[in-house]
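Colleague: got a predicted structure plus its sequence, pasted below:
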Amino acid sequence: MIYIIDDKKDRQSKYSWTEEKLKFYKDEIVPIWTYEDMKSEDFRRQMFHEKNILIIHESFFNNIEHHRVKNIVEVKERLKSRENLVIYFSGGIYSRSKNANRIYLPISTLYQNLELYILKKRQNDTNIDYLIYGKNKEIEIELGNKWQLSRNAIINFNDVFNNSNSLLIQSNRYFVYEDNPIGYNSEVLNSENDYTLNERFDNIFNRKKYDNIFMPLCFGSTLSDFNGLGLACYIRCSKSLNQTTRIFIYSVISTDYLLQNNYFNILKTKNTHLIDYSIESFKNAVQKDQQPFLQKELQNELAKLKLDVTEDYFDNHSIANEWGIYQMARNANIEVDLIEGFNKEKLNSLYFKWLITKNGLSEPISEEQIELQKRYADTLPGLKVIGKIDESKLKRR
Amino acid sequence: MSYLLIDDLANAGWKYILERAVIKEPNSLRVAINKEEAMLKIKDKWDLIFLDMRMDESDHNINNIKEFTGFEVLREIKKEFSSINFCTPIILITASTKIWNINTFVEYGVEGFYIKEHPDYQFDKISSQNNLINLQNSFISLIVKGKQRREIWSLCNSIIKKLNSHIYFETQEKKYANIKNRIIDKIKLGYAQLFQNRTALEKEVLLSFNESLSFIIFWSILEEISKGFTKVNETWNDQNERNSNWKFNNGTYFILFENNQLKLNFGKDAYGNYIKAVFNFPESSDEYKKYSKNFSVSLSDQIYSLLSSYCINEVEYRQFWQIFKSLNKYRNKTDFIHSSVSNILRKKLLEEETIKDAYKMNVEILKFIDMVLNLKVN
């Protein structure tokens, strides 16, 4: 049995998982929308049966209403116990990953592949890859083979970079990397999402200004997510010494594979290139003569990216709330970090970083605006004395 | 001061940011995060309410705006004139950019709004800044307006409550019930006129002046009050013609023709002050003619007489007529109707002095009506 724990019916409907459809698959799926649904001990005992698969939206336990429930701790602990296969999904997960009894999926991937997985299961094919990769799970095998083959072309990066002040990022899955690079800096990435990347970001990209950054098209556990494109976007959208550094994304496949990727348009922006994984391509890239990417060009260049609202937001209402709070705080000259109840982590997501950068909001507000806000604050005390209106304060405005 | 935020995401940052960016007072905002909580909390008095348009997941599947949770809460707040937050200013906090949605809320009493910015409809930097400034300006003006409205609303409701328990108006007699209803209607009419939103065009070009017109409406309530204190069946016949005498409900006479003499229950002493005494006028006097049944009696005379009839002593009478005198004086300056020849020939329609005191005089006239309804009647 699959237990799917998601408190947003609207989100499910968005991906065509209406209540009717869930009822239709009632022999395979048990939907849980609130903690009330799993309140009884019997129900929980059944739910945690070792053969069951538990699918949980990452934010379910963040719901304020659910925090009030005493037994919630018990449920959380049992989920951690690794007795069941647990699949977490959320809009903050951009790349699919599988690790023992834990799978992490983007919302769209989960709901799009869920029906296929159930149908295959009915035919006694219980391969969980159908849930992770859908019908095209073969593409993962194809990409895996291509990367494996590329390992044969061992490149001496010390020769290629030749003290060119470059940073080479490699994936720990498919590349042989040198322990002691001499003519370049090297980092290994296996990051699955914005939030984990954010923790390492400064360490990798903000210690030193490079002339070139080389990164793999694929890293993380799912090759067909082409995380390199997302990483390039992340670098361009994050304040750092290397925000405008030239980026070369090396790959063993052509752009045909990438056209449907959300971040494909980063390749249309200035000084971001897709190159072959070959000595010649690396050398040409290092020697490539081109105009520098200026900070003032960022806003226009990043407008070429058309990122969709992250899947965390099942409707316009939710994102307008977070963006609205961010904008109000910025305009009132209040640090977003101080706002109680506001999920600041969201601002580390690529989507928010992109919004901030493309709208030129990473710069502080003007002195004039700060002054306006101070004057507003000065005006208020005279007004708020009950029954007494200090008109002189009003006139000052 | 007390503020309420009604928003399902109040605790996800809106409470904090509104306290810091708009109210500028930490921990000043109470919250209601769902309809049930909102319906309970709007039973308490608030100085200003921030209201979200859509507060429930189901609101996102509704096309009819009047079924939005925020709208239902708004209708409850503004359900009737006596509702505790009827006069409380409401600022709509919404992610909707649809002007017709906002307009529907405005039609039912919302007076300011803040559009939660959405990435799909990203404002440029200046517009974004103006969005906040607009909210801050609304907050300031509504705080001021809200205080005035609370003051007027409280007086209006005090009058309505007194009418509803007043021995003269709580009667089966239809004529008095009608008088009471007219007073309540005039109260609402005056309130509506006083706080009606005026466009800049109306203010600058058309000389629209709410306070002056509302004063006239409130003032005119005295006509009804006077009749309410009068034995109407003894004073007017079925054709609504006044008999010679005018008798109050407490049995005293305003006008009494007796033994070829006119008796009035009020008049001025040698110093020009009104006093509570019976004045006799012979048949040959001007007064005798002036108060005969063929002539209409001025409102000010009706009120001076009523006060004389119902004030328990000279001290109380003096207190009342002095207030009334100043109101009457202001009324004579506010001459949209029944203008005196003197005003028509010499004065502008809106004198600076009239404009300056207008709001205060609205408060004064309502206080006066309230005081009259408090007079001992038996």
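Modeller: Structure's in. What do you need?
Colleague: what segments of the stretch 51-200 of chain B are helices?
Modeller: B:69-77, B:99-107, B:125-165, B:174-194, B:200-204 (DSSP state H, counting those that start in this stretch).
Colleague: let me know which of these is tucked in deepest.
Modeller: helix B:69-77 (a mean of 21; mean count of other C-beta atoms under 10 Å in any protein chain shown). C-beta here means a position set from N, CA and C on the backbone, and glycine is covered the same way.
Colleague: do it and chain A meet?
Modeller: No: using C-beta under 8 Å from any C-beta of the partner chain, helix B:69-77 stays clear of chain A, coming no nearer than 11.5 Å.
Colleague: just the mean pLDDT for that helix, thanks.
Modeller: What helix B:69-77 shows for mean pLDDT is 95.
Colleague: centre of the chain versus that helix, how much separation?
Modeller: Chain-centre distance of helix B:69-77: 23 Å, with C-alpha atoms, centre = their mean, to the nearest Å.
Colleague: other SSEs contacting it?
Modeller: Secondary-structure packing of helix B:69-77 (3 or more C-beta pairs under 8 Å, 6 or more residues apart in numbering or on different chains; DSSP states H and E): helix B:35-41, strand B:48-52, strand B:90-94, helix B:99-107.
Colleague: got the angle for that helix vs helix B:99-107?
Modeller: 20 degrees (axes from the mean of the first three to the mean of the last three C-alpha atoms, to 10 degrees).
Colleague: quick one, helix B:69-77 and strand B:48-52 angle?
Modeller: Using the same axes, to 10 degrees: helix B:69-77 against strand B:48-52 is 150 degrees.
Colleague: give me the contact list for helix B:69-77.
Modeller: With contacts defined as C-beta atoms under 8 Å, 6 or more residues apart in numbering or on different chains, helix B:69-77 is touched by B:6, B:34-35, B:38-39, B:42, B:49, B:51-56, B:58-59, B:65, B:83, B:85-86, B:88, B:90, B:92, B:94, B:104-105, B:108-110.
Colleague: can I get it in PDB, CA atoms only?
Modeller: What follows is helix B:69-77, C-alpha atoms only, in PDB (Å, rounded to 0.1, in the frame of the first residue of the first chain):
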ATOM      1  CA  THR B  69     -13.900  34.000   3.300                       C
ATOM      2  CA  GLY B  70     -12.500  37.500   3.500                       C
ATOM      3  CA  PHE B  71     -15.700  38.900   2.100                       C
ATOM      4  CA  GLU B  72     -17.900  36.900   4.400                       C
ATOM      5  CA  VAL B  73     -15.900  38.300   7.400                       C
ATOM      6  CA  LEU B  74     -16.200  41.800   5.900                       C
ATOM      7  CA  ARG B  75     -20.000  41.500   5.600                       C
ATOM      8  CA  GLU B  76     -20.200  40.300   9.200                       C
ATOM      9  CA  ILE B  77     -18.200  43.300  10.400                       C
END
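Colleague: could you redo the helices and strands packed on helix B:69-77 as CSV and give each row distance to residue B:143?
Modeller: Formatted as CSV, these follow (distance: least, C-beta to C-beta, whole Å):
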stretch, distance to residue B:143
helix B:35-41, 19
strand B:48-52, 6
strand B:90-94, 11
helix B:99-107, 19
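Colleague: and the strands in the stretch 101-250 of chain A?
Modeller: Secondary structure of the stretch 101-250 of chain A, counting by DSSP state E, counting those that start in this stretch: strands at A:102-106, A:166-171, A:185-189, A:212-216, A:246-251.
Colleague: pLDDT (mean, whole number) over the fourth one?
Modeller: So that's strand A:212-216. The pLDDT scores in strand A:212-216 average 93.
Colleague: same question for the second one.
Modeller: Across strand A:166-171, pLDDT averages out at 86.
Colleague: quick one: that strand to strand A:246-251, angle?
Modeller: Going by the same axes, to 10 degrees, strand A:166-171 makes 30 degrees with strand A:246-251.
Colleague: got any ranges where the stretch 101-250 of chain A has weak pLDDT?
Modeller: For the stretch 101-250 of chain A, the stretches flagged by pLDDT under 70 are A:136, A:151-154, A:172-183, A:190-196, A:221.
Colleague: in it, what residue is nearest chain B?
Modeller: Nearest to chain B, among the residues of the stretch 101-250 of chain A, is residue A:237, at 13.4 Å (C-beta to the nearest C-beta).
Colleague: burial measure for that residue, as a count.
Modeller: When counting by other C-beta atoms under 10 Å in any protein chain shown, one arrives at 24 neighbours for residue A:237.
Colleague: ok, now which ones touch the residue nearest to it when sequence neighbours are not counted?
Modeller: Spatial nearest neighbour of residue A:237, chain neighbours left out: residue A:353 (3.7 Å); criterion: C-beta to C-beta, 6 or more residues apart in numbering or on different chains. By C-beta under 8 Å, 6+ apart, the residues touching residue A:353 are A:234, A:237-238, A:347.
Colleague: run the chain-centre distance for stretch B:352-364.
Modeller: 14 Å.
Colleague: okay, buried residues for that stretch please.
Modeller: B:354, B:357-359, B:361-362, B:364 (16 or more other C-beta atoms under 10 Å in any protein chain shown).
Colleague: among those, which has the minimum pLDDT value?
Modeller: residue B:354 (76).
Colleague: rewinding a little: which element is the residue nearest to residue A:237 on?
Modeller: helix A:350-358 (DSSP states H and E).
Colleague: how many residues are close by residue A:342?
Modeller: For residue A:342, using other C-beta under 10 Å, the count is 23.
Colleague: how near is the closest residue to it other than its chain neighbours to residue B:115?
Modeller: Leaving aside its chain neighbours, residue A:342 sits nearest to residue B:13 (3.4 Å; criterion: C-beta to C-beta, 6+ apart). Distance of residue B:13 to residue B:115, computed by C-beta to C-beta, to the nearest Å: 16 Å.
Colleague: buried sites along the helix or strand that the helix holding residue A:353 is followed by?
Modeller: The C-terminal neighbour of helix A:350-358 among helices and strands, as given by DSSP H and E, is helix A:367-383. Buried residues in helix A:367-383, defined by neighbour count with 16+ other C-beta under 10 Å: A:369, A:372-373, A:376, A:379-380, A:383.
Colleague: one step back: need the helices of the stretch 51-200 of chain B in CSV with distance to residue B:309, can you?
Modeller: Putting those into CSV (distance: least, C-beta to C-beta, whole Å) gives the following:
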stretch, distance to residue B:309
helix B:69-77, 42
helix B:99-107, 46
helix B:125-165, 18
helix B:174-194, 17
helix B:200-204, 43
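Colleague: for the ones you listed, which one sits closest to residue A:279?
Modeller: The closest of the helices of the stretch 51-200 of chain B to residue A:279 is helix B:125-165. By C-beta to C-beta, the value is 46.7 Å.
Colleague: next up, the contacts around the nearest residue to residue B:337 once chain neighbours are set aside.
Modeller: Leaving out its chain neighbours, the residue that sits closest to residue B:337 by C-beta to C-beta, 6+ apart is residue B:216, at 6.9 Å. By C-beta under 8 Å, 6+ apart, the contact list for residue B:216 reads B:331, B:334, B:336-337.
Colleague: alright, that wraps it up for me.
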